[in-house]
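[1] the amino acid sequence is not available; the structure is as follows:
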């Protein structure tokens, strides 16, 4: 049974120009012990999806079933047990730690709020986790501004794990860090998954990070999942033209010229195009794409695509590059 | 980024700035006007606290011949007023009332302002709308007129004057706190706090409020100054506590003798000016010291 099962989730924000459909009918599952990667360009709604799943943003409609319980319908004051079991690691390690608190306070407060252990037990747990994420005990008496970005992200990870969660949503956890530090943090996340038996929903715009990390990959475009496949399958056989464009956009030193794989800009989520929301940018769009919205359909074992022409695409080709 | 080189256990050898509070204290102490103002206020405060020791007698009792000029009689260095009351004793005892009302009214006003502003800014929505209307009702009423009405309705006593001044000053703090909370509540550390299941009270007072304090502290010092001015104005109009001498009531009593005995209004007047000026200078210095982008320190 899956740990997290989201179905037909919508998150809309009211704006003067009409509803902004940040998350527009997403269904996904995360099995126990699985790492699911969620990839998409900026503004496609992937962070909002992550925050909605944790009920940090109120869902407009849909179900968020966590371990058999529909979190979307729980009143805000009964979310306590869920909060203990589902945590988030943030993108920006500079704004995600309170600048006025010491690291000890930052790590002890969650235990205190949830009534875990007595003073000595809380102290023991905080010390264990700070060492586990690779920081010395002397870090506990310092303030966040006394650390580098990578060290702060280690603290962010310690804070997310101190309550012993089952699910951790990583919202671009390394994109604000130097490349050399990214690998350290990714390795730490892999170790933590093994040690604490975690499931990850890993949000990133960086396919190479997702590739390293995820068992299964979801590709998101304008609030919807357009393709879902296991990591290996997706790299070998991307079926949605958007996924193929993303993969083609990974810098590759063997290719002499880097062409822009897709033109144009992402459409506004306030004014979604009719039919397939990708068709204004799609190199293989036909008249049907402008009229009918494609549903997410099976194309081979465990591989789902939302594209009218998915069947006609077999190999990732270079012909489409430069269209 | 020292972590890059030291492998799995990076050491804490970061070029960290000194702790915020000490940096602020040093910046404050480098401002000569602020140091002078602080020393002056300390002197006023010590005088106020020690008033019963310096002048054990009631400052309202008639002790000398009327209209003694300052320096005329060494027993009464600042002279005496039309009823033969010692001006120096009045000045010392008046400092007590001015500082007491100034600080107490500020404390009460800031408390109300923080609670209302934090609630409005943190929760938003209809709670914010309702509280903003309330703030606007207070802000659109001429504050001194409201103060006079409030004191006239209640008995003019130190307590009622303090409450009345607090009631006309809290909207300033409430607006400031609301604006701070509206921007701070969007920060990731607040989202993280919600995600960790912290209660609203904890997020408001322990997570957000400490980050909103610098502008509140700066405004508070200016509010003490304006509360002292308000109390003086009330006393000048005869709406002060009749059983306590204050700088404002001394000016009020001396105003009819402005041509013949100007020192009766000048001496308490200069006390008010210097105290209010000192508080404003401290407010400016705190603003510079608590705002790292403005301070000269790298």
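    Nice, thanks for sending it over. Keep in mind that this is a model prediction, so the values were computed, not measured.
[2] list the contacts for residue B:268?
    Neighbouring residues of residue B:268 by C-beta atoms under 8 Å, 6 or more residues apart in numbering or on different chains: B:90, B:91, B:94, B:247, B:248, B:250, B:251, B:254. Heads up, the C-betas are built off the backbone N, CA and C, glycines and all.
[3] quick one: the helices in the stretch 151-298 of chain B, in order.
    Taking DSSP state H, counting those that start in this stretch to define them, one finds helices in the stretch 151-298 of chain B at B:158-184, B:188-195, B:200-202, B:209-236, B:247-254, B:263-290.
[4] quick one: residues contacting residue A:46.
    Contacts of residue A:46 by C-beta under 8 Å, 6+ apart are A:38, A:39, A:40, A:203, A:205, A:220.
[5] closest to chain B among these?
    The shortest approach to chain B among these belongs to residue A:203, at 14.1 Å (C-beta to the nearest C-beta).
[6] show me what that closest one is bridged to.
    As for beta bridges, residue A:203 partners with residue A:38, residue A:171 under DSSP bridges.
[7] what sits against residue B:205?
    Contact analysis of residue B:205 by C-beta under 8 Å, 6+ apart lists residue B:118.
[8] returning to what we had before: what's the most buried one of the helices of the stretch 151-298 of chain B?
    helix B:247-254 (a mean of 24; mean count of other C-beta atoms under 10 Å in any protein chain shown).
[9] got the angle for it vs helix B:209-236?
    With axes from the mean of the first three to the mean of the last three C-alpha atoms, to 10 degrees applied, the angle from helix B:247-254 to helix B:209-236 works out at 20 degrees.
[10] list the buried residues of stretch A:57-66.
    A:57, A:59, A:60, A:62, A:64, A:65, A:66 (16 or more other C-beta atoms under 10 Å in any protein chain shown).
[11] make that stretch A:301-312, sorry
    A:303, A:304, A:305, A:306, A:307, A:308, A:309, A:310.
[12] so which of the residues you listed sits lowest on pLDDT?
    Ranked by pLDDT, the buried residues of stretch A:301-312 bottom out at residue A:310 (79).
[13] spatially nearest residue to that residue (excluding sequence neighbours)?
    residue A:239 (4.5 Å; C-beta to C-beta, 6 or more residues apart in numbering or on different chains).
[14] which ones are touching that neighbour?
    By C-beta under 8 Å, 6+ apart, the contact set of residue A:239 is A:227, A:229, A:299, A:303, A:305, A:307, A:310, A:313.
[15] which among the residues you listed gets closest to residue B:184?
    residue A:227 (38.6 Å; C-beta to C-beta).
[16] can you spell out the domain ranges of chain A, please?
    Following automatic domain parsing, one gets these domains for chain A: A:2-214, A:237-323.
[17] which one of these has the poorest average confidence?
    domain A:237-323 (a mean of 76).
[18] list phi and psi for residue A:150.
    phi -60, psi -40 (degrees, to the nearest 10).
[19] with adjacent residues omitted, what lies nearest to it?
    Once flanking residues are discounted, residue A:150 sits nearest to residue A:181: 3.7 Å by C-beta to C-beta, 6+ apart.
[20] you'd agree residue B:169 is up against residue B:106?
    Yes: using C-beta atoms under 8 Å, residue B:169 is in contact with residue B:106, at 7.3 Å.
[21] joint contacts of these two?
    Common neighbours of residue B:169 and residue B:106, counting by C-beta under 8 Å, 6+ apart, are B:223, B:227.
[22] list the contacts for the closest residue to chain A within the stretch 151-298 of chain B?
    Closest to chain A within the stretch 151-298 of chain B is residue B:197: 3.4 Å, counting by C-beta to the nearest C-beta. Going by C-beta under 8 Å, 6+ apart, residue B:197 touches A:79, A:80, A:83, A:84, A:110, A:113, A:114.
[23] ok, those residues vs chain B, which is closest?
    Looking across the contacts of residue B:197 and measuring by C-beta to the nearest C-beta, the closest to chain B is residue A:83, at 3.4 Å.
[24] output the longest helix belonging to the chain.
    In the absence of a named chain, chain A is used. helix A:179-196 (DSSP state H).
[25] wait, chain B was what I had in mind.
    Per DSSP H, chain B has its longest helix at helix B:87-123.
[26] and it, what does it pack against?
    Helix B:87-123 sits against helix B:32-49, helix B:51-54, helix B:125-140, helix B:158-184, helix B:209-236, helix B:247-254, helix B:263-290, with contacts defined as 3 or more C-beta pairs under 8 Å, 6 or more residues apart in numbering or on different chains; DSSP states H and E.
[27] tell me the contacts of residue 199?
    Just going to use chain A. A:3, A:4, A:30, A:31, A:32, A:33, A:34, A:35, A:36, A:166, A:167, A:168.
[28] chain B is the one I meant
    residue A:113.
[29] neighbouring strands - and their directions - for the host helix or strand of residue A:12?
    If you go by DSSP states H and E, residue A:12 is part of strand A:2-15. Strand A:2-15 has the following strand partners under DSSP bridges: strand A:18-31 (antiparallel), strand A:61-66 (antiparallel).
[30] deepest-packed of the ones you listed, please.
    strand A:18-31 (a mean of 20).
[31] just the residues contacting it, thanks.
    A:1-14, A:36, A:38, A:45, A:48-49, A:52, A:59, A:62, A:167, A:199-201, A:218, A:220, A:222-225, A:228, A:269-272, A:296.
[32] tell me who's in contact with the residue lying closest to residue A:127 once chain neighbours are set aside.
    Nearest non-adjacent residue to residue A:127, counting by C-beta to C-beta, 6+ apart: residue A:137, 6.0 Å away. By C-beta under 8 Å, 6+ apart, the contact list for residue A:137 reads A:127, A:130, A:131.
[33] could you flag which of these are buried?
    For those, buried by 16+ other C-beta under 10 Å: residue A:130.
[34] now, which of the contacts of residue A:137 lie within helices?
    A:127, A:130, A:131.
[35] tell me which of the residues you listed is nearest to residue A:173?
    Distances from residue A:173 to those, taken as C-beta to C-beta, are shortest for residue A:130 (17.8 Å).
[36] quick one: contacts for that closest one?
    With contact taken as C-beta under 8 Å, 6+ apart, residue A:130 is in contact with A:103, A:107, A:136, A:137, A:139, A:140, A:155, A:158.
[37] can we see that at 10 Å?
    Neighbouring residues of residue A:130 by C-beta atoms under 10 Å, 6 or more residues apart in numbering or on different chains: A:103, A:104, A:107, A:136, A:137, A:138, A:139, A:140, A:154, A:155, A:158, A:162.
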